[in-house]
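Q: predicted structure and sequence below. I'll ask about it afterward.
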Amino acid sequence: MFITILLLSTIVLSAQNTDQEKEAIKKVIQTAYVEGLQNEGDAEKIELGFHPDFYMLGIGNGNSMWKYSISDWKAKVVQKRKSGELPNKGSNIVSVKFKSIDVTNTAASVKLDFFIGEKHTYTDYMLLYKFGDSWKIVSKIFTKK
């Protein structure tokens with residue numbers, strides 16, 4: 001009986017820890033990606049949630065692969081903010097809906113639907129690592145809807 005109680009307690013604590021990690025991951029994506037990168041062009045928010053070695057990967061013409069660094073992406077959105085194109089307003093506001101979050105130790109994968117206004121425009125697949133006590137987005141692939 002003692003072993004059963006101990007085992008159940010361990011399972012409950014593990015589930016609680018996983019739920020806490022999932023909430024932390026959602027917060028990083030919401031703050032760094034949605035607010036910082038997409039809607040505001042806020043360099044500080046971007047830097048807090050993205051690892052400096054982050055790359056977004058995509059498929060180009062002829063099935064060739066391309067990659068885009070966070071430093072280039074950040075510079076582009078910061079410039080948009082300086083020119084007045086950001087922050088987004090009204091029907092241009094970006095939001096996401098989390099479809100799945102899978103966490104194993106210090107690694108996580110996230111699938112989310114990406115909306116511009118009411119329009120579902122992309123499905124993103126993000127990878128994160130936990131560095132110390134904070135999650136960082138390290139890679140992204142996507143597909144257009």
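A: Here it is on my side, so go on. Numbers count the residues shown, from 1 in each chain.

Q: give me the below-cutoff pLDDT ranges for the chain.
A: Along the chain, the parts satisfying pLDDT under 70 run over 1-16.

Q: which residues in it form strands?
A: Secondary structure of the chain, counting by DSSP state E: strands at 50-59, 65-69, 94-104, 107-116, 119-131, 134-144.

Q: need those in JSON lines with distance to residue 21 and mean neighbour count, can you?
A: From N, CA and C alone the C-beta is placed, and that goes for glycine too. Output for the strands of the chain, formatted as JSON lines (distance: least, Cβ to Cβ, whole Å; neighbours: other Cβ atoms under 10 Å):
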{"stretch": "strand 50-59", "distance to residue 21": "17", "mean neighbour count": "16"}
{"stretch": "strand 65-69", "distance to residue 21": "26", "mean neighbour count": "12"}
{"stretch": "strand 94-104", "distance to residue 21": "5", "mean neighbour count": "15"}
{"stretch": "strand 107-116", "distance to residue 21": "7", "mean neighbour count": "18"}
{"stretch": "strand 119-131", "distance to residue 21": "8", "mean neighbour count": "16"}
{"stretch": "strand 134-144", "distance to residue 21": "8", "mean neighbour count": "17"}
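
Q: residue 34: how many residues sit nearby?
A: 20 (other Cβ atoms under 10 Å).
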